[in-house]
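>>> Need coordinates for the following:
(2 chains)
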Amino acid sequence: MTPSDYLLTSLTNIRKNRLRSILTIIGVAVAIGALTSMMSLGIGLQENFNKAIKENKLITQITIAPKEINGKTRPLNDSVIKIFSGLSGVETAFKDNRIPSKIIFREIDRNTTIKSIPFSYEKYFTREAYISGGFFQSDTSLSLIITDKFLETLLHESDSTLKNNSEKTDSLLSTLSGSEITISAVTVDTRIMGNIFLAMTTLMSNKLPFRDSLITFTIAGVVKQKNMTDWGTGIYITETVSQKIPQLNFENIWDLLDKKQLQGIQSATVYTQGIKESERISEQIKLMGYNTKSILDEMQELKQMFFIMDSILGAIGIMALFIAILGLVNTLIMSIYERTREIGILKSMGAKNSQVRKLFIIEAGCVGLTGALVGIPLGWSVTRLIDTILFSTLLKNVDEEIIIFSFPWYLIAGAILFSIFFSILAGLYPANRASKIDPVKALRHE
Amino acid sequence: MFQIINIRKEYDTGKRKVHALRGVSFEIPDGRSVAIVGKSGCGKSTLLNLLGGLDRPSDGDIFLNGLNISRLKSSKLAEYRKSKVGMIFLIHSITAWENVAMALAIGDVPRRNRKNIAKDLLSEVGLGDRVDHLPSELSGGECQRVAIARALANSPETILADEPTGNLDSETSLKIMELLSSLNKKDGKTLIMVTHDIEYAGKFSDAIITLKDGQIIDQL
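The predicted model follows:
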């Protein structure tokens, strides 16, 4: 008998017992549907997480801070950052420079912190990261990158009617690159502080020896906040430009009083070439006496969490499949009872035990395959339905693209193979039983 | 030639041993037609099953042209059933031609040739216009003809028939017996049949073996 003979005979038998076969296939399909939808939830959440990490470049980012060992702190300064830059696998290393400033936009002023980023940072922004505009034209241009959320807040403050009009806000956001924002940087008034008489007079008259420096910047790009690694800041300028902004080297009065602060930079950021390098470089920097923090530290726990979640979801699906498999075993055993005489006749024609066994195994495999082919679209439909319900209710106001269920090709292929494998496994006992039927007894069977 | 040498067959029913055959010996030359007769429970179907390779004797040997079929392994015995003997049985859930084609599939005949061979065989037994019918749509005699066509599928040397005219009216029985006899006389196939009907046994057989309580009591 050829493989197609086995297949056609099995399909004929399935068709012959149509109702029972359909019920068994439905059982397998429901189980596979449950299994795939459960697994797709796990995969979807994991993909969501991976996507978020990838978009934010968090995976290759290491934040470095000085570390106190036996009361001594190794300073973090420009020369140390240069050493970091020279480490193999490091793409870029820069100090985290934050400038406390006041910004003025459309006659609205607001206190904020501006962060400087190196010009080489451009490669971390994809074209999709921008709502309008792009990266700085040059290292020295007086331009800035602003996050959509920050700009949105400024727009809402300047025009309260926009608060309830998200469409208008969004369209405005996409037209604002090229607009001007004035940065007011506070600095010590050297004219006063350089003259002891003037300084004394100023302080005695309850005035501060500071003065504002106003610099006008152009918005180079409006970037989606989710693409920025530092969510505490809404405005970014280049490192070179940041050097030109007069600034007090403290963020608050406590920083000013902290002597350690004056010894060097508070923190630095290193970007590596990949995840493998991140682990190694993080260890190297730790050995140099600095604290490091990266997403990798959290990854192990997250991996474990996803594994546990996948296992629980998978176990629920497997339980459903197990019940379906029992149904399949039952169907096949019933089929043996009904076909006992037929098995005897097949043997009288010269069918070997192995051929009879194959017939039942292939029949079980066919049920498994059909169950999977029905079950996967069923599972997919259920997840689409849940998606639709969630996005029209609970997740109505979420503008981020969230993946809840994901059906990658390997899940579909895996589900088909899984279903066939377990169905064949379920078919082994009935098939073995059928193959061992005594033809003489079988022929007497009515 | 079949050589049956002192075969015994015992069944263990759990409570007691049933001696279905108690030392049966005879020979059947090729191309002969033999009827095995006797009352119910005398062991005639057991003997036919042993000759068909469906069962093995508890003791003794059965040779077909020198091949000891009672000592064959399970897979070799299946080969024997496939190519050497044709037993008259019918699967009721598939059509007439599918019954024949099933035997051809087991006989490893290529798929493309099966339907034509099946149609030819069914035409030979007078069912050329009933090939697509299910056995439930055929009369008893027609079903027996399908079973005969199916038995002939792999061109066996021997046809084994257990009560080929059972449950058939006398006219149909006669036609079936004539068909079987023509296979023996025209095609030279050895015909071994078990029957209750002494009249047909005498009319269509070269030899009659009468069994009683698992032993041959008469051999004509």
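>>> how about residue 178, what does it touch?
Assuming you mean chain A. Neighbour list for A:Gly178: A:133, A:218-219 [criterion: CB atoms under 8 Å, 6 or more residues apart in numbering or on different chains]. In this view, the C-beta of every residue, glycine as well, is placed from N, C-alpha and C.
>>> hmm, I had chain B in mind actually
The neighbourhood of B:Glu178, defined by CB under 8 Å, 6+ apart, consists of B:Phe204.
>>> So what does the residue lying closest to A:Ser158 once chain neighbours are set aside have for phi and psi?
Nearest residue to A:Ser158, sequence neighbours excluded (CB to CB, 6 or more residues apart in numbering or on different chains): A:Arg106, at 4.3 Å. Backbone torsions of A:Arg106, given as degrees, to the nearest 10, read phi 50, psi 50.
>>> and A:Arg106, how many residues sit next to it?
Number of residues near A:Arg106 (other CB atoms under 10 Å in any protein chain shown) recorded here: 13.
>>> same check, this time on B:Arg16
Using other CB under 10 Å, B:Arg16 has 8 neighbouring residues.
>>> which bits of chain A sit near chain B?
A:1-2, A:4-5, A:9, A:12, A:16, A:342, A:344-355, A:438-440, A:443 (CB under 8 Å from any CB of the partner chain).
>>> again, only this time at 10 Å
Residues of chain A lying near chain B by CB under 10 Å from any CB of the partner chain: A:1-2, A:4-6, A:8-9, A:12-13, A:16-17, A:338-339, A:341-342, A:344-356, A:438-444.
>>> And those residues, which of them are buried?
Those of these that meet the buried threshold are A:1, A:5-6, A:8-9, A:13, A:17, A:339, A:341-342, A:344-353, A:355-356, A:439-440, A:442-443, by 16 or more other CB atoms under 10 Å in any protein chain shown.
>>> List the ones among those that fall in strands.
Among these, no member falls in strands (DSSP state E).
>>> Residues touching stretch A:283-294, excluding its own?
Residues outside stretch A:283-294 that contact it (CB atoms under 10 Å, 6 or more residues apart in numbering or on different chains): A:58-69, A:72-74, A:76, A:80, A:83-84, A:87-90, A:93, A:267-268, A:270, A:272, A:275, A:277-279, A:281-282.
>>> same thing but at 8 Å, please
Residues contacting stretch A:283-294 (CB under 8 Å, 6+ apart): A:58, A:61-67, A:69, A:74, A:76, A:80, A:83-84, A:87, A:270, A:278, A:282.
>>> From those, list just the buried residues.
Buried subset of these (neighbour count, 16+ other CB under 10 Å): A:61-64, A:66-67, A:76, A:80, A:84, A:87, A:270, A:278, A:282.
>>> Nearest to chain B, out of those residues: which one, please.
Ranked by distance to chain B (CB to the nearest CB), the buried ones among the contacts of stretch A:283-294 are led by A:Ser278 at 60.4 Å.
>>> okay, now A:Ser10: neighbour count?
A:Ser10 is flanked by 20 other residues according to other CB under 10 Å.
>>> and the gap between it and chain B?
Per CB to the nearest CB, to the nearest Å, A:Ser10 is found 13 Å from chain B.
>>> so what's that residue closest to, chain neighbours aside?
For A:Ser10, ignoring the flanking residues on the chain, the nearest one in space by CB to CB, 6+ apart is A:Glu363 at 3.9 Å.
>>> so who does the residue of chain B found nearest chain A touch?
Distances between chain B and chain A by CB to the nearest CB are smallest at B:Lys82, namely 2.4 Å. B:Lys82 sits next to A:349-351, B:106-107, B:154 when contact means CB under 8 Å, 6+ apart.
>>> ditto for B:Ser93
B:Ser93 touches A:16, A:342, B:134, counting by CB under 8 Å, 6+ apart.
>>> With A:Ser101 instead?
Taking CB under 8 Å, 6+ apart as the test, what A:Ser101 contacts is A:111-114, A:183-186, A:245, A:247.
>>> go with 6 Å
A:Ser101 is in contact with A:114, A:183, A:185, counting by CB atoms under 6 Å, 6 or more residues apart in numbering or on different chains.
>>> before we move on, which element is the residue nearest in space to the middle of chain B in?
Nearest residue to the geometric centre of chain B (CA atoms, centre = their mean): B:Leu160, 1.5 Å. Assigned by DSSP states H and E, B:Leu160 belongs to strand B:158-162.
>>> Among the contacts of B:Lys82, which ones are in helices?
Secondary structure from DSSP state H places B:Ile106 of those in helices.
>>> before we move on, the earlier item: tell me the pLDDT at the residue nearest to A:Ser158?
A:Arg106 is assigned a predicted lDDT (pLDDT) of 83.
>>> Then B:Leu47?
Note on B:Leu47: pLDDT of 91.
>>> by how many degrees do the helix or strand hosting it and strand B:158-162 diverge?
Applying DSSP H and E as the criterion places B:Leu47 in helix B:44-51. If you take axes from the mean of the first three to the mean of the last three CA atoms, to 10 degrees, helix B:44-51 sits at 150 degrees to strand B:158-162.
>>> Return the distance of helix B:44-51 from the chain's centre.
9 Å (CA atoms, centre = their mean, to the nearest Å).
>>> For the following helix or strand past that helix, output the C-alpha coordinates as PDB.
Per DSSP H and E, the first helix or strand lying C-terminal to helix B:44-51 is strand B:59-64. C-alpha atoms of strand B:59-64 as PDB (Å, rounded to 0.1, in the frame of the first residue of the first chain):
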ATOM      1  CA  ASP B  59       0.400 -29.300  15.800                       C
ATOM      2  CA  GLY B  60       1.100 -30.800  12.300                       C
ATOM      3  CA  ASP B  61       2.200 -29.100   9.100                       C
ATOM      4  CA  ILE B  62       0.500 -27.600   6.000                       C
ATOM      5  CA  PHE B  63       2.600 -27.400   2.900                       C
ATOM      6  CA  LEU B  64       1.700 -25.600  -0.300                       C
END
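>>> Show me what strand B:59-64 is in contact with.
The contact list for strand B:59-64 (CB under 6 Å, 6+ apart) reads B:2-8, B:68-70.
>>> Stretch A:135-142 too?
For stretch A:135-142, the surrounding residues in contact (CB under 6 Å, 6+ apart) are A:119, A:122, A:125, A:143, A:217, A:220, A:238, A:240.
>>> If you count contacts, what does the helix or strand hosting A:Val382 end up packed against?
Using DSSP H and E, A:Val382 falls within helix A:353-392. With contacts taken as 3 or more CB pairs under 6 Å, 6 or more residues apart in numbering or on different chains; DSSP states H and E, helix A:353-392 sits against helix A:3-16, helix A:18-56, helix A:409-435.
>>> And the contacts of A:Ser101, which is closest to B:Arg16?
A:Ile114 (103.4 Å; CB to CB).
>>> residues in contact with the closest one?
A:99, A:101, A:235, A:237.
>>> Which ones among the residues you listed map onto strands?
Among the contacts of A:Ile114, the members falling in strands (DSSP E) are A:99, A:101, A:235, A:237.
>>> now that we have those residues, which one has the most neighbours?
Neighbour count (other CB under 10 Å) singles out A:Ile237 as the most crowded of the ones in strands among the contacts of A:Ile114, with 26 neighbours.
>>> Can you tell me the closest non-neighbouring residue to that one?
Residue nearest to A:Ile237 in three dimensions, not counting chain neighbours: A:Leu144, with 5.0 Å by CB to CB, 6+ apart.
>>> Who is the one you found paired with across the strands?
The partner list for A:Leu144 in beta bridges (DSSP bridges) reads A:Ile219.
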